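Student: only geometry, no sequence info:
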C-alpha cells in the first residue's frame with residue numbers, strides 16, 4: 001500500500017506531463033527574453049548609437065554574476081538544500097526584476113556624454129539588468145532540470161527533457177522571428193515590454209507548478225523515501241569526477257558555438273547574405289523552430305535505444321561543418337544560409353537531447369542540483385566571454401564603410417565558432433571513451449524495463 005501511495009502521482013501520466021508543460025512554459029517565456037535583443041543590433045547602432053563592441057559587452061553581461069559572484073553555484077546549493085519550489089520562485093522573480101531594469105534602460109533617453117566607468121550609461125544599465133536576468137534564467141534552468149528528473153527518472157526522461165528544451169527554443173525562435181519587425185513597426189523597446197508581460201505570466205505558471213509539487217510530496221508517506229541530505233563535501237565528489245568535467249567542457253564548447261552565434265546571426269544575414277533587415281531574423285529562427293520536433297525525437301530515441309555518447313559526437317561533427325560553411329566567403333547566397341541553418345538546428349537538437357539526460361547517469365540524484373549548477377557555471381564562461389570576443393573582433397578587424405554605411409565581414413568570427421566545434425568533437429570522443437571505461441551507461445537506454 002505504501003508503495004502504491006508513493007508512486008501514485010508520479011505514475012499518473014497526466015500529472016507528469018502537466019507538470020512538465022507548466023515548467024516548460026516558464027522556460028519558454030525566459031528564453032524569449034534571453035534573445036529578444038539579438039535581432040536588434042542594427043537598430044541599436046542606428047537609433048541608440050551603440051557599436052559592435054558595446055553590443056558584445058551587453059551580451060557578455062548574461063554571465064557576469066553567474067561566473068564572478070558564483071551565483072549559479074550558490075543557486076545549485078540552495079536548490080539541493082531548499083528544494084525546487086523556493087529556488088524556482090526566487091529565480092523567476094530575479095528574471096522579472098532584471099528585465100524590468102533592462103526595459104527601463106533601453107526606453108530611457110540619457111545625455112549623450114553620460115558614462116559609467118567610461119561606458120555609455122544606457123549600455124551599462126541595460127547590461128546590469130541583463131546580468132540579473134541571467135542569474136534568474138540560469139537558476140530556473142537547473143531547477144527545471146531537477147524537476148524533470150524528479151518526475152521522470154526511470155521513465156521518459158530524455159523525451160521529457162527534449163520536450164522542455166523544444167518549448168524553450170520556441171521562445172528563442174519567436175524572439176528571432178518577430179522582434180525586429182515589431183520594433184520597426186512600433187518602437188525599439190516594445191518587444192522587451194511585451195516579453196516582460198509574458199514573463200510575468202511565466203512566473204504565475206511556476207506558482208501553479210508549486211501547488212503540484214506540494215501535492216506530489218504529500219502523496220509520499222513520511223519516511224518512505226529516506227533522504228540522503230546534501231553535504232558541502234559533495235561538491236568535492238562532483239569536481240573529482242572526470243566524467244563530470246568531460247560533459248561540462250563539452251557543454252561550454254558546444255553552446256559557445258551556438259548561443260553567441262544566435263546573438264549575431266541576424267546581423268550575419270544582413271551583412272553576408274544581403275537579406276532585408278525586416279526578414280533577416282526569419283532565417284536564424286529556423287534553428288530553434290527545427291528543434292521543436294527533433295529534440296524530443298532524439299530524446300525518445302535515447303530513452304528507448306540508448307547511444308547517448310554517439311549522438312553527442314554526431315551533433316558536434318555537424319556543428320563543425322555548419323560553421324565552416326558559414327565562414328566561406330564564396331558561399332553567400334541566402335538559400336545556402338537557410339539550408340545550413342536547418343542543419344545547425346539538427347545539431348542543436350542532437351547534443352542537448354543526449355547531454356542533459358546523461359548527467360543523472362554520472363552524478364547521484366542528491367547532488368544533481370549542484371552538478372547542473374556547476375555545468376551551467378562552466379557554460380556561462382563561454383556565454384559571457386564569447387559574445388564579447390566576437391563583438392571586439394568585429395569592431396577591431398572586420399568593420400568597414402561601404403557607401404557611408406557600416407559593413408561587417410563575418411569570416412573571422414565564423415572561424416572562431418568553427419574552432420569551438422572542433423574542440424567539442426574531441427571532448428565528445430573523450431566522454432565516450434570514459435563511459436566505456438567507467439560504465440556510466442551513456443550508450444544504454446534510459447527507460448528501465
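Tutor: Perfect, thanks for sending it. These numbers come from a predicted model, not from an experiment.

Student: next one, pLDDT for the residue lying closest to residue 97 once chain neighbours are set aside please.
Tutor: The shortest distance from residue 97 to any non-neighbouring residue, by C-beta to C-beta, 6 or more residues apart in numbering, is to residue 132 (6.0 Å). Backbone N, C-alpha and C define where each C-beta goes, glycine included. pLDDT for residue 132: 97.

Student: tell me which helix or strand comes right after the host helix or strand of residue 132.
Tutor: Using DSSP states H and E, residue 132 sits in helix 121-152. Later in the chain than helix 121-152, the nearest helix or strand by DSSP H and E is helix 157-185.

Student: and after that next one, which helix or strand comes next?
Tutor: From helix 157-185, the next helix or strand downstream (DSSP H and E) is helix 190-218.

Student: next one: that following helix to chain centre, how far?
Tutor: 18 Å (C-alpha atoms, centre = their mean, to the nearest Å).

Student: ditto for stretch 282-292
Tutor: Centroid displacement of stretch 282-292 relative to its chain, using C-alpha atoms, centre = their mean, is 14 Å.

Student: try stretch 102-112
Tutor: Relative to its chain's centre, stretch 102-112 lies at 27 Å (C-alpha atoms, centre = their mean).

Student: and stretch 64-82, by the same measure?
Tutor: Computed by C-alpha atoms, centre = their mean, the chain-centroid distance of stretch 64-82 equals 16 Å.

Student: per-residue pLDDT, residue 229?
Tutor: pLDDT, residue 229: 60.

Student: and the strands in the protein?
Tutor: In the chain, the strands defined using DSSP state E lie at 115-116, 119-120, 399-402, 405-408.

Student: hmm, who's touching the first one?
Tutor: Yep, that's strand 115-116 we're talking about. Strand 115-116 has contacts (C-beta atoms under 8 Å, 6 or more residues apart in numbering) with 121, 124, 125.

Student: pLDDT weak spots in the stretch 301-449 of the chain?
Tutor: Applying pLDDT under 70 to the stretch 301-449 of the chain flags residues 449.

Student: grab the nearest non-local neighbour of residue 234.
Tutor: residue 367 (4.8 Å).

Student: need the contact list for the one you found.
Tutor: By C-beta under 8 Å, 6+ apart, the contact set of residue 367 is 80, 230, 234, 237, 238.

Student: nearest to residue 36, of the contacts of strand 115-116?
Tutor: For those, the closest approach to residue 36 (C-beta to C-beta) belongs to residue 125, at 16.5 Å.

Student: residue contacts, the closest residue to the closest one other than its chain neighbours?
Tutor: In space, residue 125 comes closest to residue 105 once its chain neighbours are excluded; the distance is 3.8 Å by C-beta to C-beta, 6+ apart. By C-beta under 8 Å, 6+ apart, the contact set of residue 105 is 122, 125, 126, 128, 129.

Student: burial count for the second one?
Tutor: When counting by other C-beta atoms under 10 Å, one arrives at 19 neighbours for residue 125.

Student: can you tell me how far it is from residue 303?
Tutor: Distance, residue 125 to residue 303, using C-beta to C-beta, to the nearest Å: 45 Å.

Student: next, give phi and psi for residue 48.
Tutor: Main-chain torsions, residue 48, degrees, to the nearest 10: phi -110, psi 0.

Student: so it sits against residue 121, correct?
Tutor: No: using C-beta atoms under 8 Å, residue 48 is not in contact with residue 121; the gap is 11.4 Å.

Student: does residue 134 touch residue 65 like I think?
Tutor: Yes: counting by C-beta under 8 Å, residue 65 is a contact partner of residue 134 at 6.7 Å.

Student: looking at these two, which one has more neighbours?
Tutor: residue 134 (28 against 24).

Student: let me see the contact set for the nearest residue to the more buried one once chain neighbours are set aside.
Tutor: Distance criterion C-beta to C-beta, 6+ apart; nearest residue to residue 134, sequence neighbours excluded, is residue 62 at 3.9 Å. Residue 62 sits next to 34, 130, 131, 133, 134, 380, 383, 384, 387 when contact means C-beta under 8 Å, 6+ apart.

Student: cutoff 6 Å now
Tutor: 130, 134, 383 (C-beta atoms under 6 Å, 6 or more residues apart in numbering).

Student: and the nearest residue to residue 296 once chain neighbours are set aside, how many neighbours?
Tutor: In space, and not counting its chain neighbours, residue 296 is closest to residue 162: 4.0 Å by C-beta to C-beta, 6+ apart. Look at residue 162: counted by other C-beta under 10 Å, it has 30 neighbours.

Student: I'd like to know how many residues surround residue 139.
Tutor: Residue 139, neighbours per other C-beta under 10 Å, totals 29.

Student: could you check how far it is from residue 78?
Tutor: To residue 78, residue 139 is 8 Å away according to C-beta to C-beta.

Student: again with residue 410
Tutor: The value you get for residue 410 to residue 78, if C-beta to C-beta is used, is 40 Å.

Student: those two: which has the busier surroundings?
Tutor: For residue 410 versus residue 78, neighbours defined as other C-beta under 10 Å are more numerous around residue 410 (23 against 19).

Student: was I right about that one contacting residue 270?
Tutor: No: using C-beta atoms under 6 Å, residue 410 makes no contact with residue 270, being 10.2 Å away.

Student: contacting residues for the nearest residue to residue 28 once chain neighbours are set aside?
Tutor: Nearest non-adjacent residue to residue 28, counting by C-beta to C-beta, 6+ apart: residue 171, 4.2 Å away. Residues in contact with residue 171 (C-beta under 6 Å, 6+ apart) are 28, 31, 32.
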